[in-house]
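Visitor: sequence and computational prediction follow.
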Amino acid sequence: MGKDVLLIEDEPNIIEAIRFILSRDGWSVYTHSDGQTAFDKVLQTRPDVIILDVMLPGKSGFDILRDIRADASTADLPVLMLTAKGQTKDRELATQIGVSQFMTKPFSNTDILASVRELAAS
Amino acid sequence: MIDFNLLVAICILYVAFLFLVAFIAERRANAGQVGWLRSPLVYTLSLSVYCTAWTFYGAVGYAARSGLEFVTIYLGPTLVLIGWWWALRKLVRIGKTQRITSIADLISSRYGKSNTLGVIVTLLAVVGTTPYIALQLQSVTLSFAVFARAGADGWPMPDLNATALWVAGGLAVFTVLFGTRNLDTNEQHHGVVTAIAVEAVVKLVALLGVGLFVVWGVAGGIDPMLSRISDSPLATAPFNGGRWVGLTFLSAAAIFTLPRMFQVLVVENADERHLATASWAFPLYLFLMSLFVVPIAVIGLSDMPAGANPDLFVLTIPLSLGKEGLATLAFLGGFSSATSMVIVASIALSTMVSNHIVMPLWLRLQGQGATVSGDVRKLVLRARRISIGAVLVLGYLYYRLTGGSAALASIGLISFAGVAQVLPALLGGLFWRGATRRGAAAGLLVGFAVWLYSLFLPSFGAGAVLSADLLANGPAGVSWLRPQALFGVTGMDPVVHAVFWSMVLNTFAFFAVSLGGFPGPMERLQGAQFVNVFEHSSAARGWAHGGAEAEDLMMMAQRILGPDEAQSLFLRAAQEQGKGGYLPETTPAFLERLERELAGSVGAATAHAMVGQIVGRSSVSVEDLMAVADETAQILETSVRLEAQSEELSRTARQLQEANEKLTELSVQKDAFLSQISHELRTPMTSIRAFSEILMDADALSGGERGKYSGIIHDEAIRLTRLLDDLLDLSVLERGQVTLDAQEGNLRELIDRALTATGATEGDDPLIIRRDRASENMQLVTDTDRLRQVFINLIANARKYCDAAQPVLRIDVRRQGDMIAVDFVDNGSGIPKKSQAIIFEKFSRLSDQSSAGGAGLGLAICREIMANLGGSISYLPGQGGAAFRVRIPLVYAKAA
């Protein structure tokens, strides 16, 4: 594969797990933990897929997604959103802003891998 | 044969006798011995001024011409008196409570004391009554003439005009002497009324005497009389239904509106209960008066020479049969009828003229009318006397002008129809509060005009005032304006026609204009007192005296302002005037002030009227004002109560809204809480699931990786457990279901153990602890484990969040009464002011530094623990860093 994934997530153990799962499949995994500077990181790394957590310090995942969709150069980037809150209204909000896929924690390793592959292929 | 001189002598003797009666009655009344003067009998007999010379002589003539129709003239009053409870009682009550002096005064008073209305009614009464007075003069002179003609050798026919003048002059003297002897506040004339009652008896005896003579002396008994009646033209007289209804209505209206009837019925009424007697006694009197009318008419028509005036049968029948004594009695009866009517009518008219025309004019000529003093009484009396003279002169002039030609009865009906125009305004004012001054004026003027045009002016005959052409074809040929066929209605009797149109248009104008406007404050005040007179007043009412003004004002003010406010107002005013007590002098300044105070409650106009009326002592009595004040107070009270209710309702609505907001907020909080819980649980779960899956299917993992990932799973499981413990702990604490284990402990040891538990005692710890161990040496009784849990939490927070390069935590202990205060102060940047309020809430981590691991429940648990221990925990601002103060009671009391 050899594609790039940007993981925006603040929980160290979850970063560790996702990095392991995707690296083993051949992805290059970049990580970022701060909401405030996350969009700069996106512009800087230009990944093929973004995995975005909702609860982030400094700025919420929804706001970051809005920034991504508002910028012409990143508007078409596939974004997989992760949330631990699991409420339907969060899912609705994400869909409305233009998320590509939405996943509730905890997730199965094969599911997240399949999702990332699918997003990268489309 | 009775010669002229004898007849004159009899007249003079009779009048002298009346003088004597009136004089004695007046003397007795002045001495306070009213007794029989005020009996229901005298009252009933005085009502007989209704029966004038017209009814005495004219009824027989009427019967001779139109059969039984004359009965309508008695039917109307009979109906009204039988139904006295409905209207007359109210009229009399109002007359007494309002001190009404005449019908003009009543109308004026009812419609806000409007003098314009008073003038209109007065003019109407003068125009309507003058012909009637002329009629009385005519009847007296005619009766003289009858005696002159009867003498075969005969005394020369006297000059009729001169006779009329003498009669008018004599009546004027009598009326002035007894009608204006004094200015009684309630306009009662005992002497006159008594004389009228005596005349009533004479009338009745005279007519009954002639009647009995005719039936038994001429006809020869009842049976032959009845057969002669059925043979006479009277039996076949045509019956005109329209005239019957119209005339009955007219005579009923006359009872209310004739000035002389109003005078005896209302003004001279001494006791309301007399009405009850009069309600049957007066109809009985009328019945007796009319009993022999038909027999006299029948005998007159058959026995008298053709062409004899039927109006004078009462005199001519006895004279022709040589019964001179009886004829003289009949003459006296007619004389009584005429004089009593003229006397009462001229008193009533003079009262109106002087009160509504002369006095207002004089006051205006004087400039400022308010300054008049005791001279007014003399002036009023003089005005009355002149008015009486003027009324009689008018009557005499009218008599001279019309030449005594018209038939007696027709003048009577025209007069009735004229004064009946007051009826709509009168009854409307009695029963309808919406009636207005403008409405009354409009009705009166319209009715008056229609009456003048369609009845009064045409009565002078074609070509006299209205031209024959106008009568036949209408003004300028407009046929629907023909005076006796208005709006094209032809074929009606002229009198019925005029009564119909004048009353219909009058009533219509009255209601239309009243409904189109709104009564002024004075009209409303008066209207309420008239329409609700029975609620506002009791029957016996003394005339209010002006002496206790201040007290009256205070009573009224209390009812409007409430006792406390009114009393303090009066007390202040009295003190300012240097007086003791609650009653100040009623100076203009004080009155102005009071009026302003009252205006706040009832409006300026009403306040002005109320104060003005108490101070001015005019004809509204204090009690009436009280009644209005009570009404006002009730309305105020009701509106205050309504206001209070609506305030309460809006308060309840506000509370409901608040409760609803709180519920919504709670619901939002609950959602947020569940969302937080979910997040806090799912996050460690995510790591555990991901790494266990990695461990399960990865053979390629190195031993180091395997160990590391197992460690993560272990740590996250512990984190999960701790979170669940905290949640359960918090839930138990919040519900107050925690079981506390109170035991004695030393504060210094507690802090030592807390520091040890957080690892602060290890040598390489970056957090420096500053404490004064000596001050910490205090014994206390509490749940020491729980208290230590709080301390550990605060120390751990300082370790986690203090952002100073060299973090220092200072622990200060001091005693405050039976409480101990323990402060934990670090040297970090502290907590921003806006966040200080929320740090004790659940999940209120200020920054999501997950690496530090807390779920945001620590301080919430601390707060619950301290509340359970009877103490508190709070943030201490302004200490240079984050600072928390824990307060613990020295001895834990379970009840606290």
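Guide: On my side now, so go ahead.

Visitor: which positions within stretch B:868-875 qualify as buried?
Guide: Neighbour-count burial for stretch B:868-875 flags B:868, B:869, B:870, B:871, B:873, B:875 (criterion: 16 or more other CB atoms under 10 Å in any protein chain shown). C-beta coordinates here come from the backbone N, C-alpha and C atoms, glycine included.

Visitor: closest one of these to chain A?
Guide: Comparing these against chain A with CB to the nearest CB places residue B:875 closest, at 22.7 Å.

Visitor: quick one: that closest one and residue B:863 touch, right?
Guide: No. Residue B:875 lies out of contact with residue B:863 (CB atoms under 8 Å); the separation is 10.7 Å.

Visitor: spell out which parts of chain A neighbour chain B.
Guide: A:10-14, A:16-18, A:20-21, A:24, A:55-57, A:84-87, A:104-109 (CB under 8 Å from any CB of the partner chain).

Visitor: and the buried ones among the residues you listed, selectable in ChimeraX?
Guide: Burial among the residues of chain A next to chain B is assessed by 16+ other CB under 10 Å; the matching ChimeraX selection reads:
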select /A:10,11,13,14,16,17,18,20,21,55,56,84,85,104,105,106,107,109
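
Visitor: and residue B:740, that one's in a helix?
Guide: No. Counting by DSSP: H, G, I helix; E, B strand; the rest coil, residue B:740 is not found in a helix; it is coil.

Visitor: turn the buried residues of stretch B:868-875 into JSON lines, including secondary structure.
Guide: Supplementary listing: the buried residues of stretch B:868-875 in JSON lines, determined by three-state DSSP:
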{"residue": "B:868", "secondary structure": "helix"}
{"residue": "B:869", "secondary structure": "coil"}
{"residue": "B:870", "secondary structure": "coil"}
{"residue": "B:871", "secondary structure": "coil"}
{"residue": "B:873", "secondary structure": "strand"}
{"residue": "B:875", "secondary structure": "strand"}
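
Visitor: of all the residues you listed, which comes closest to residue B:4?
Guide: Nearest to residue B:4, judged by CB to CB, of those is residue B:870 at 127.1 Å.

Visitor: residues in contact with the closest one?
Guide: B:888, B:889, B:892, B:893, B:896 (CB atoms under 8 Å, 6 or more residues apart in numbering or on different chains).

Visitor: quick one, which of those are buried?
Guide: Buried among the contacts of residue B:870 by 16+ other CB under 10 Å: B:888, B:889, B:892.

Visitor: show me what contacts the last one?
Guide: In this case it means residue B:892. Applying CB under 8 Å, 6+ apart to residue B:892 gives the contacts B:740, B:742, B:780, B:781, B:782, B:783, B:869, B:870.

Visitor: quick check: bridge partners of the closest residue to it other than its chain neighbours?
Guide: Using CB to CB, 6 or more residues apart in numbering or on different chains and skipping the chain neighbours, the partner closest in space to residue B:892 is residue B:782 (4.4 Å). When assigned by DSSP bridges, residue B:782 has beta-bridge partners residue B:743.

Visitor: and residue B:782, how far from residue B:823?
Guide: Using CB to CB, to the nearest Å, we find residue B:782 at a distance of 18 Å from residue B:823.

Visitor: settle it for me: which of those two has more neighbours?
Guide: residue B:782 (24 against 17; other CB atoms under 10 Å in any protein chain shown).

Visitor: distance of the more buried one from residue B:868?
Guide: Applying CB to CB, the value for residue B:782 to residue B:868 is 10 Å.

Visitor: same check on residue B:130?
Guide: Computed with CB to CB, the distance linking residue B:130 and residue B:868 is 106 Å.

Visitor: and residue A:122, by the same measure?
Guide: The gap separating residue A:122 from residue B:868 is 57 Å, by CB to CB.

Visitor: with residue B:823 instead?
Guide: Separation of residue B:823 from residue B:868 (CB to CB): 21 Å.

Visitor: so how far is stretch B:10-17 from its chain's centroid?
Guide: 53 Å (CA atoms, centre = their mean, to the nearest Å).

Visitor: just stretch B:234-250 next, same as before
Guide: 43 Å.

Visitor: now do that stretch, average pLDDT.
Guide: Averaged over stretch B:234-250, pLDDT sits at 78.

Visitor: which residues are in contact with it?
Guide: B:63-64, B:66-69, B:72-73, B:75-76, B:79, B:229, B:294, B:297-298, B:301, B:413, B:416-417, B:420, B:492-493, B:495-496, B:499-500.

Visitor: just the buried ones among those residues, please.
Guide: With burial judged by 16+ other CB under 10 Å, the buried subset of these is B:63-64, B:66-69, B:72-73, B:75-76, B:229, B:294, B:297-298, B:301, B:413, B:416-417, B:420, B:492, B:495-496, B:499-500.

Visitor: which residues of chain A score low on pLDDT?
Guide: Along chain A, segments meeting pLDDT under 70 span A:1-2, A:86.

Visitor: which parts of it are strands?
Guide: A:4-8, A:28-32, A:49-53, A:79-83, A:101-104 (DSSP state E).

Visitor: pairing partners for the shortest one, with directions?
Guide: Partner strands and pairing direction for strand A:101-104 (DSSP bridges) are strand A:79-83 (parallel).

Visitor: quick one, the strand it pairs with and strand A:4-8 angle?
Guide: If you take axes from the mean of the first three to the mean of the last three CA atoms, to 10 degrees, strand A:79-83 sits at 30 degrees to strand A:4-8.

Visitor: how about the secondary structure of residue B:831?
Guide: coil.

Visitor: secondary structure class of residue B:820, three-state.
Guide: Three-state assignment for residue B:820 (three-state DSSP): strand.

Visitor: hang on, I meant residue B:789
Guide: helix.

Visitor: around it, how many other residues sit close by?
Guide: For residue B:789, the count of nearby residues is 17 (other CB under 10 Å).

Visitor: quick one: contacts for the residue nearest to it when sequence neighbours are not counted?
Guide: Excluding the flanking residues, the one nearest residue B:789 by CB to CB, 6+ apart is residue B:865, at 6.5 Å. Counting by CB under 8 Å, 6+ apart, residue B:865 makes contact with B:733, B:786, B:787, B:789, B:790.

Visitor: mind pulling up the pLDDT for residue B:865?
Guide: Looking at residue B:865, its pLDDT stands at 91.

Visitor: ok, now residue B:751?
Guide: Value for residue B:751, per-residue pLDDT: 91.

Visitor: same thing with the one 10 residues further on?
Guide: Per-residue pLDDT puts residue B:761 at 70.

Visitor: now name the helix or strand holding it.
Guide: Using DSSP states H and E, residue B:761 maps to neither a helix nor a strand.

Visitor: look at residue B:113 and give its secondary structure.
Guide: Using three-state DSSP, the structure places residue B:113 in coil.

Visitor: and the helices in chain A, which stretches?
Guide: Counting by DSSP state H, one finds helices in chain A at the ranges A:12-24, A:38-45, A:61-70, A:88-97, A:109-121.
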